[in-house]
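Chemist: what would the 3D arrangement of this be:
(chains A, B and C, ligands or ions: 1)
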Amino acid sequence: MPVSVIKDFIEKSRLKSPWLVHFDCGSCNGCDIEVLACLTPLYDVERFGILNIGNPKHADMLLVTGTVNHRNKKVLKNLYDQMPHPKVVLALGACGTSGGVFREAYNVVGGVDKVIPVDVYVPGCAVKPEAIIDGVVTALGRLAEKRAEASASAKE
Amino acid sequence: MAKMTLPFGPQHPVLPEPIHLSLTVEDEIVTQAIPALGYVHRGLEKLVDIRDFNQMVQIVERVCGICSKIHAMCYVQGLEELMKVDVPPRAKYLRVMWSELHRIHSHLLWLGLFADAFGMESLFMQCWRIREKIMDINEATTGARVIVSVNVVGGLRCDVDDTQTRWILSELDEVEREVRRLESTFVNDYTIKKRTCGIGVLSAEKALELGAAGPTLRGSGVAQDMRQLKYAAFDSIDFEPVTALDGDSYSRMKVRYYETLQSIDLVRQAIAKMPDGDIAVKVKGRPEGEILSRVEQPRGELFYYIKGNGTKYLDRVRIRTPTFANIPPLAAMLPGIELADVPIVVLSIDPCISCTER
Amino acid sequence: MSIETIPAALDTIVGEVVKMKAQEARFLTMTAVSLDEKTTELLYTFDQDLVMTHYRLTVPKDTHVPSISPVYFAAFLVENEICDQFGVVFDGLVLDFGGKLYLDEEAQRTPFCKFAVTRKEKA
Ligand code: SF4
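Modeler: Numbers count the residues shown, from 1 in each chain, chains lettered A, B, ... in the order given. Model prediction:
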């Protein structure tokens, strides 16, 4: 098989079956349990090929819930840096997008975008599983764009 | 073999939340465990300075998304006592109903996570599937799945009607049937017993001395439950704390399993005994003085200290959550067990880190 | 309205706590309240068969308070928290996080004090 066919295949499967890693960054758990609920029988994102894995080095997408504080921002940055290119980041919940009700608390830095670039914002407190799935689908579009950009710049 | 110090967490596959434990191990046996916190600390107790006492209800709900209703209940009950507000009886029964629904969903969530920790993935899926029924009830009656936000100072913000209660009862019958079907697995399964019996033992004396709370305490045979304080409508509801005697992970799991069934019964009682009437009264005045309030959360006893100064901003709100009380017992349970059992023992106290650190 | 408390002093508090332990009371928690710029109030709460007992200790800022964690191990967590948030120093803590239980270097120190004390870096 020529190399290009295999490459095409890999590219396609990355878009068809995104793997995601979830990081709880000082959330109140409300959003976390909704992310978990997405994986369970009622919403079951696995039927779309979406897999939740614990390892950032295998992941295409990073789902972040909760506000960033001074201690976990290093962990978050670390996790982001470990992921292979291209990658997309989803900020979930009012907390992840802006800091939510906690934005004025003393140990809160703010939304996820204060530390790493965010591609998709999913609002809600707590986010509904439907909204999370919708956000992931939107993020897939971003992932395809990023892929195209990367291969275009590689050709040059 | 030489001593080694291993980090456990903050990002660990079995942990839904970041907690860090520094484990000293010798030949795969843990000899010391030191917890390190702070990954979820937000500092929301300090928000009392800029949010008035009514707005604080929404803040304290977001201490923890799993038992948000019960946090708010503890807070408003404290304030109501401080401001001498008489809550209408119907509101009290509704509070019991919603808080017990929260307990059911929290326990099912935990039973699922626990099953996942010893590798039973389909059991995890089953528990979460059953739990979705409770989430549906929450959504249908309050408008939100997780942060239901029904409590206000002086009562509740929404009511349920007869069609809804009938529907809730029929859904609960279904839930009960399904939960009972899991009984033989959770209580009698060989693998589960092998993984949990005799692991992470906490004796009754030790539990009391270390200040354990909730199922961790009751799993050691101490029948103490804050619902015995008869807050809300618990004075007219039949209730006996569930206990188990051995103090190991298996006992703690059994306590939670049977509490799920008990809570279903409590919701039924609350609905059956619920009187008609108003659900809220108008609250006048400002809180002044100090008060303590305690309720039973799914994870144990929740404690609020509230101090008001006669203005609309409170002086201090201090929240002591059950996991905060259960971390010292955890540190005492870990030494002596094998490294591979650490996730099970950590999960067996049902840690809720966002509660602990606030 | 205020809650019923037993007043305690710096040199008697540990003795009282030892007495509570002898009665097999369960240590519930400690609560710190910043009264004004100069004083902090500490509330020690115990529970015995669902009845709570409180000891109230008022200390000026900058005084060291004897730790009760050698008596009740469970107290180490809350004492560290108070140390973080109010800057109260406890002597004889069994596990001392040195004011860094929750807060990292960049964060504001002792946020709950009426006037926050900031640690000065040496130039
Ligand atoms: S957005 Fe709401 S539910 Fe989600 S973590 Fe923040 S407070 Fe909790």
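Chemist: what is B:G289 paired to in the beta sheet?
Modeler: Beta-bridge partners for B:G289, by DSSP bridges, are B:G308.
Chemist: likewise B:A36?
Modeler: Beta-bridge partners of B:A36, as defined by DSSP bridges: B:H20.
Chemist: contacts only, for residue 48.
Modeler: Defaulting to chain A. A:I133 (Cβ atoms under 8 Å, 6 or more residues apart in numbering or on different chains). In short, each C-beta sits where N, CA and C put it, glycine included.
Chemist: meant chain B, my bad for not saying
Modeler: B:56, B:313-317.
Chemist: and these, which of them are in strands?
Modeler: Of the positions in the contacts of B:V48, B:314-317 sit in strands, assigned by DSSP state E.
Chemist: quick check on the contacts of B:V48: which are buried?
Modeler: Buried by 16 or more other Cβ atoms under 10 Å in any protein chain shown: B:56, B:313-317, out of those.
Chemist: what's the closest of those to chain C?
Modeler: B:R316 (4.9 Å; Cβ to the nearest Cβ).
Chemist: now that closest one: closest residue in space, sequence neighbours ignored.
Modeler: Closest residue in space to B:R316, ignoring its immediate chain neighbours: B:K307 at 4.5 Å, by Cβ to Cβ, 6 or more residues apart in numbering or on different chains.
Chemist: do B:D159 as well
Modeler: Using Cβ to Cβ, 6+ apart, the closest residue to B:D159 is B:I279 (5.1 Å).
Chemist: how about the helices of chain C, start to end?
Modeler: C:13-22, C:75-86 (DSSP state H).
Chemist: chain B is nearest to which of the ones you listed?
Modeler: Across the helices of chain C, closest to chain B is helix C:75-86 (Cβ to the nearest Cβ), at 6.0 Å.
Chemist: and the residue of chain A nearest chain B?
Modeler: Closest point on chain A to chain B, by Cβ to the nearest Cβ, is A:G30, at 2.4 Å.
Chemist: could you pull up the residues touching that residue?
Modeler: Here A:G30 is in contact with A:93, A:125-126, B:62, B:65-66, B:68, B:146-147 (criterion: Cβ under 8 Å, 6+ apart).
Chemist: quick check, nearest of the residues you listed to A:E34?
Modeler: A:A126 (5.3 Å; Cβ to Cβ).
Chemist: the closest one - that's part of a helix, no?
Modeler: No - counting by DSSP: H, G, I helix; E, B strand; the rest coil, one finds A:A126 to be coil, located in no helix.
Chemist: write out the residues of chain A neighbouring chain C.
Modeler: Chain A comes close to chain C at residues A:70-71, A:106-107, as judged by Cβ under 8 Å from any Cβ of the partner chain.
Chemist: shaky segments in chain C?
Modeler: C:1-2, C:94-123 (pLDDT under 70).
Chemist: what segments of it are strands?
Modeler: Going by DSSP E, chain C shows strands at C:6-7, C:26-34, C:39-48, C:51-60, C:64-66, C:89-91.
Chemist: among those, which is nearest C:Y72?
Modeler: strand C:26-34 (4.3 Å).
Chemist: what sits up against that closest one?
Modeler: B:208-209, B:211, B:303, B:305, B:307, B:315-316, B:318, B:320, B:324-325, C:20, C:40-48, C:52, C:72, C:74-75, C:78-79, C:82, C:85-86, C:88, C:112-114.
Chemist: I'd like to know which elements the top helix by length along chain B is packed against.
Modeler: Ranked by residue count under DSSP H, the longest helix found in chain B is helix B:89-117. Contact analysis of helix B:89-117 by 3 or more Cβ pairs under 8 Å, 6 or more residues apart in numbering or on different chains; DSSP states H and E lists helix B:68-82, helix B:121-142, strand B:155-156, helix B:249-273, helix B:342-348 as its packing neighbours.
Chemist: so can I have CSV of these showing distance to the ligand?
Modeler: Shown next, in CSV, are the helices and strands packed on helix B:89-117 (distance: least, Cβ to the nearest ligand atom, whole Å):
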stretch, distance to the ligand
helix B:68-82, 8
helix B:121-142, 13
strand B:155-156, 20
helix B:249-273, 23
helix B:342-348, 21
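Chemist: can you list the ones you listed in JSON lines and add mean neighbour count and mean pLDDT?
Modeler: Shown next, in JSON lines, are the helices and strands packed on helix B:89-117 (neighbours: other Cβ atoms under 10 Å in any protein chain shown; pLDDT from 0 to 100):
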{"stretch": "helix B:68-82", "mean neighbour count": "25", "mean pLDDT": "85"}
{"stretch": "helix B:121-142", "mean neighbour count": "19", "mean pLDDT": "85"}
{"stretch": "strand B:155-156", "mean neighbour count": "24", "mean pLDDT": "82"}
{"stretch": "helix B:249-273", "mean neighbour count": "22", "mean pLDDT": "86"}
{"stretch": "helix B:342-348", "mean neighbour count": "23", "mean pLDDT": "80"}
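Chemist: now tabulate those in CSV and tack on distance to B:G219.
Modeler: Shown next, in CSV, are the helices and strands packed on helix B:89-117 (distance: least, Cβ to Cβ, whole Å):
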stretch, distance to B:G219
helix B:68-82, 20
helix B:121-142, 19
strand B:155-156, 33
helix B:249-273, 4
helix B:342-348, 8
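Chemist: for these, which one sits closest to B:V201?
Modeler: By Cβ to Cβ (comparing all of those), the closest turns out to be helix B:249-273, at 8.6 Å.
Chemist: list the contacts of A:A59.
Modeler: Contacts of A:A59 (Cβ under 8 Å, 6+ apart): A:19-21, A:53, A:83, A:87.
Chemist: meant to ask about A:K57
Modeler: A:82-84.
Chemist: rerun that using 7 Å as the cut-off
Modeler: A:K57 makes contacts with A:82, A:84, as judged by Cβ atoms under 7 Å, 6 or more residues apart in numbering or on different chains.
Chemist: is it in a helix, a strand, or coil?
Modeler: helix.
Chemist: how much space is there between it and A:E11?
Modeler: 19 Å (Cβ to Cβ, to the nearest Å).
Chemist: do the same with A:D81
Modeler: 23 Å.
Chemist: quick one on the thing from earlier: which of the contacts of B:V48 lies closest to chain A?
Modeler: Among these, and counting by Cβ to the nearest Cβ, the member closest to chain A is B:M56, at 10.4 Å.
Chemist: packing partners of the helix-or-strand element of chain A with minimal mean pLDDT?
Modeler: In chain A, the helix or strand scored least confidently by mean pLDDT, DSSP states H and E is helix A:3-16, which has a mean of 74. Identification of packing neighbours for helix A:3-16 by 3 or more Cβ pairs under 7 Å, 6 or more residues apart in numbering or on different chains; DSSP states H and E yields helix A:129-155.
Chemist: what's the angle from the helix it packs on to helix A:3-16?
Modeler: Helix A:129-155 and helix A:3-16 are oriented at 160 degrees to each other (axes from the mean of the first three to the mean of the last three Cα atoms, to 10 degrees).
Chemist: is any residue of helix A:129-155 near the ligand?
Modeler: No - using Cβ under 6 Å from any ligand atom, we find that helix A:129-155 stays clear of the ligand, coming within 11.2 Å at best.
Chemist: what angle do that helix and helix B:121-142 make?
Modeler: Using the same axes, to 10 degrees: helix A:129-155 against helix B:121-142 is 120 degrees.
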